[in-house]
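Student: okay, predicted coordinates and the sequence, questions at the end:
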Amino acid sequence: MLIRYRKNYEKIAMGLLSFMPTEKDLKRLQQTIKQYETNDDWQLFLWKEEEDIVGLIGVLLRAPDVVEIQHISVNPSHRHQGIGKQMVKALKETYPDRRLCANEWTASFLDKCNACHE
């Protein structure tokens with residue numbers, strides 16, 4: 001189930017973000033989390049399986065009709081179970097009137113999900 005990020009999930013979110021190639025540095029991680037916390041155009045969601053947070057997807061709301069996926073990450077022990085695809089599907093349902101696109105770091109995954117990307 002896709003849930004919105006809240007401050008009390010900060011450590012979990014930072015842990016999941018650290019699996020992204022661009023987010024290895026602690027300072028960079030902190031800047032990214034701050035961006036999601038302070039900018040309304042940046043939205044961060046977590047994926048909950050039963051009681052565990054196992055995935056994360058972060059987006060930038062571009063223009064009135066575009067959602068660009070900035071980050072997507074799944075806990076390594078939960079990979080290859082379709083969680084990433086479920087997150088993308090839930091994101092499409094969250095923003096039904098917007099086109100889903102990717103940045104350079106998420107494009108290859110989004111291609112696998114058969115979504116459009118730029």
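Tutor: Yes, it's here.
Student: buried residues of the longest strand seen in the chain, list them for me.
Tutor: Counting by DSSP state E, the longest strand found in the chain is strand 52-62. Going by neighbour count (16 or more other C-beta atoms under 10 Å), the buried part of strand 52-62 is Ile53, Val54, Gly55, Leu56, Ile57, Gly58, Val59, Leu60, Leu61. Glycine gets a C-beta too; all of them are placed from N, C-alpha and C.
Student: for the third one, give me its contacts.
Tutor: The reference is to Gly55. Each residue near Gly55 by C-beta atoms under 8 Å, 6 or more residues apart in numbering is listed here: Leu16, Leu46, Trp47, Ile72, Ser73, Val74, Asn75, His78, Ile83, Gly84, Met87.
Student: for the helix or strand harbouring Ala13, packing partners?
Tutor: Ala13 belongs to helix 10-17 when assigned by DSSP states H and E. Under the contact criterion of 3 or more C-beta pairs under 8 Å, 6 or more residues apart in numbering; DSSP states H and E, helix 10-17 touches helix 26-38, strand 42-49, strand 52-62, strand 66-74.
Student: relative to Asn103, which of those is closest?
Tutor: Between Asn103 and those, the shortest gap by C-beta to C-beta is with strand 66-74, which sits at 5.7 Å.
Student: first vs last residue of stretch 100-109, how far apart are they?
Tutor: Between the start and the finish of stretch 100-109 there is a gap of 12 Å, counting by C-alpha to C-alpha, to the nearest Å.
Student: pull the distance from that stretch to the chain's centre.
Tutor: Averaged C-alpha coordinates place stretch 100-109 at 11 Å from its chain's average position (C-alpha atoms, centre = their mean, to the nearest Å).
Student: quick check: mean pLDDT of it?
Tutor: The predicted model assigns stretch 100-109 a mean pLDDT of 91.
Student: hang on, the earlier thing: and the buried residues of strand 52-62 as a markdown table, adding pLDDT?
Tutor: Shown next, in a markdown table, are the buried residues of strand 52-62 (pLDDT from 0 to 100):
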| residue | pLDDT |
| --- | --- |
| Ile53 | 97 |
| Val54 | 98 |
| Gly55 | 98 |
| Leu56 | 98 |
| Ile57 | 98 |
| Gly58 | 98 |
| Val59 | 98 |
| Leu60 | 98 |
| Leu61 | 97 |
